[in-house]
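# with the sequence up front, the predicted model follows.
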Amino acid sequence: MPHADTLEDARSADAPEPAKLTLPTLTALVVGSMVGAGVFSLPRRFAQETGVAGALIAWAVAGLGMLMLAFVFQALAVRRPDLDAGVYAYAKAGFGEYLGFFSAFGYWASACVGNVTYWVLIMSTIGAIAPALGDGDTALAILLSSVGLWSFFLLIRRGVREATAVNRIVTIAKVVPILVFVVLALVFFKPSVFVDNIRGADYAGSLFTQVRGTMLATVFVFLGVEGASVYSRHARRRKDVGRATVLGFLSVFAIFASVTIVSYGILPMAELAHLRQPSMAGVLEAAVGTWGQVFVSVGLIVSVLGAYLAWTLMSAEVLFVAAKDEDMPRFLARVSHDDVPVPALLMSTSLVQVVLVVTAFSGDAFNFALDLTSSLTLIPFFLAAAFALKIALRPERAGVPAGSGTRRELVVAALATVYTAFLLYAAGLKFVLVSLIVYAPATLLFVKARREQNRRLFSPREGVILAVSVAGAVLGIVALATGWISL
């Protein structure tokens, strides 16, 4: 980390001009964020929960819901162009500083936990030929992952422009192997196997239960749909933020659904459910032989490293903007001469390091990190959708001119709000409680920020929210200690 004298407060008059990003680069950030570890785990994750029928319904629900959320981010970018780092800023503008802080911290924490899944999956992939790496959670795997994540820290410190240029190149490189997988799976597609997989196995339960079981997986793979909104302060043209969001979503939705469905035509559902992660490699190996596994594994490493870069950029950006708005401690608002929020980047990398160590104590490191990432993101997504609904219903109370809303915006915001509320239900009590264990202690950062400004720590309304979050965190700790829930 550079000497403190080389860092500038982001609010100072001589702060560097933000790097200006074009529509293709913003779209690449969205695609690069979504196409990561999740897509390579889809065959096994879906087969553990549902058959073809349930998968089609799940993708229809997730696709419609996430499209509505993408439209929400597009509309908010136009309605409130004054708000940067979208997800966090929308929650604050709509529901106050404390919930805005929770949104910022939750989104940031989910990005960091999500980055852990990338390193776990890389090491698990290499572990197929190097048993010492196991499933990505052995001591050696954690050590090598740590070397990788701090190497990325040094790369991003060199400047935002350079890092986003690398991301654009990697995004193109990583989409190609996934498309090749889909084409080859169609060539070797077995109709009889596909038909047998339509209904799903007996262990999967009712169709509703099957669909619900896939929801966190679909949330995980779609994380990043808000990527352009998060990085909005760098957009060359504000309207490009919304366009990049929708273009990025539509570009990857077909890929995700295709990877899932064609896999049911290669192996029986029971075999898919027990494949080693990345399960996409096992599917292609069953179709074309060993070279298929190697091909997918190489593509995964490129894909995951690109996604890790994009998510590290966005997580640091959220902390930086929250600190600039005085909702996080001031030290997080410092940037280097290259426009890099180094303290925020350092804090993000440090959390990834901590969670990497924690994975050694989890029964299934990859799935636990995946589900926790999705759960942490649900509250920020819900608050953003609810803010859009608030604008549509009462624009004058949300900083938007009265009478400027449309019926379409109301319908979109309502559907997005219902969808994100359903996701909270689908996550289940276990991950809601674990999320609160992460959320509640973060209030110490909020308290520090308030003290720096010599302000009252909590309003009565904020005190109620604090009490609820602490009670949930205590209940979660008790549940873990008694074995009611487990990691």
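Received it, and whenever you're ready, just let me know what you need.
# what are the boundaries of the helices in the stretch 151-300 of the chain?
160-187, 191-196, 207-222, 227-230, 239-263, 269-272, 279-288, 290-324 (DSSP state H, counting those that start in this stretch).
# so where's the stretch 201-350 of the chain uncertain?
Applying pLDDT under 70 to the stretch 201-350 of the chain picks out residues 201-205, 224-239, 241-242, 307, 310.
# dump the residue contacts of the nearest residue to residue 301 once chain neighbours are set aside.
Of all residues not flanking residue 301 in the chain, residue 122 sits nearest, at 5.8 Å (C-beta to C-beta, 6 or more residues apart in numbering). All C-beta spots, glycine's among them, are computed from the backbone N, C-alpha and C. Applying C-beta atoms under 8 Å, 6 or more residues apart in numbering, we find residue 122 in contact with 136, 145, 148, 300, 301, 304, 305.
# so what's the residue count around the residue lying closest to residue 424 once chain neighbours are set aside?
Once flanking residues are discounted, residue 424 sits nearest to residue 378: 5.2 Å by C-beta to C-beta, 6+ apart. When neighbours are counted by other C-beta atoms under 10 Å, residue 378 registers 25.
# quick check: residue 378 is in a strand.
No: judged by DSSP: H, G, I helix; E, B strand; the rest coil, residue 378 forms no part of a strand; its state is helix.
# mind pulling up the pLDDT for it?
Looking at residue 378, its pLDDT reads 83.
# i'd like the first residue to be 33 from this point on
In the new numbering, first residue 33, that becomes residue 410.
# contacting residues around it?
Residue 410 touches 251, 452, 455, 456, 459, 467, counting by C-beta under 8 Å, 6+ apart.
# quick one on the thing from earlier: can you say which of the helices of the stretch 183-332 of the chain is packed in most?
Comparing the helices of the stretch 183-332 of the chain by mean neighbour count (mean count of other C-beta atoms under 10 Å), helix 259-262 comes out on top with a mean of 31.
# what's the burial count for residue 165?
Other residues close to residue 165 by other C-beta under 10 Å number 22.
# before we move on, back to that, and the contacts of residue 410, which two are the farthest apart?
452 and 467 (14.0 Å; C-beta to C-beta).
# thinking again about what came up before, so for residue 380, which of the helices of the stretch 183-332 of the chain sits nearest?
The nearest among these, by C-beta to C-beta, is helix 322-356 at 4.5 Å.
# returning to what we had before: looking at the contacts of residue 410, spot the one nearest residue 380.
For those, the nearest to residue 380 is residue 467 (18.1 Å; C-beta to C-beta).
# which element, helix or strand, includes the closest one?
Residue 467 belongs to helix 439-471 when assigned by DSSP states H and E.
# can you give me the mean pLDDT across that helix?
83.
# now that helix and helix 239-254, what's the angle there?
Counting by axes from the mean of the first three to the mean of the last three C-alpha atoms, to 10 degrees, helix 439-471 points 80 degrees away from the direction of helix 239-254.
# for helix 439-471, which positions count as buried?
The neighbour-count check on helix 439-471 (16 or more other C-beta atoms under 10 Å) flags 441, 444-449, 451-452, 455-456, 458-460, 462-471 as buried.
# ok, stretch 361-375 next?
Quick answer for stretch 361-375 (16+ other C-beta under 10 Å): 361-362, 364-368, 370-375.
# quick one on the thing from earlier: out of the helices of the stretch 183-332 of the chain, which is closest to residue 416?
Proximity to residue 416 (C-beta to C-beta) singles out helix 259-262 among the helices of the stretch 183-332 of the chain, at 8.6 Å.
# quick revisit: adding distance to residue 326, write the contacts of residue 154 out as CSV.
Below are these laid out as CSV (distance: C-beta to C-beta, whole Å):
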residue, distance to residue 326
168, 18
177, 21
180, 20
332, 11
333, 11
336, 16
337, 17
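# so where do the helices sit in the stretch 383-519 of the chain?
Here the stretch 383-519 of the chain has its helices, by DSSP H, counting those that start in this stretch, at 397-425, 439-471, 475-484, 492-514.
# avg pLDDT for stretch 72-80?
Mean predicted confidence for stretch 72-80 is 87.
# same thing with stretch 163-173?
83.
# related to what we said a few turns ago, for the residue nearest to residue 456, give its distance to residue 135.
Separation of residue 410 from residue 135 (C-beta to C-beta, to the nearest Å): 11 Å.
# what does residue 120 give?
5 Å.
# what sits in contact with each of these two?
Common neighbours of residue 120 and residue 135 (C-beta under 8 Å, 6+ apart) are residue 412.
# which of the helices of the stretch 183-332 of the chain sits closest to residue 515?
helix 239-254 (22.0 Å).
# quick one: distance of that closest one to the chain centre.
Put simply, helix 239-254 sits 15 Å off its chain's centre (C-alpha atoms, centre = their mean, to the nearest Å).
# quick one on the thing from earlier: how about the helices of the stretch 383-519 of the chain in TSV, adding distance to residue 115?
Shown next, in TSV, are the helices of the stretch 383-519 of the chain (distance: least, C-beta to C-beta, whole Å):
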stretch	distance to residue 115
helix 397-425	10
helix 439-471	16
helix 475-484	19
helix 492-514	21
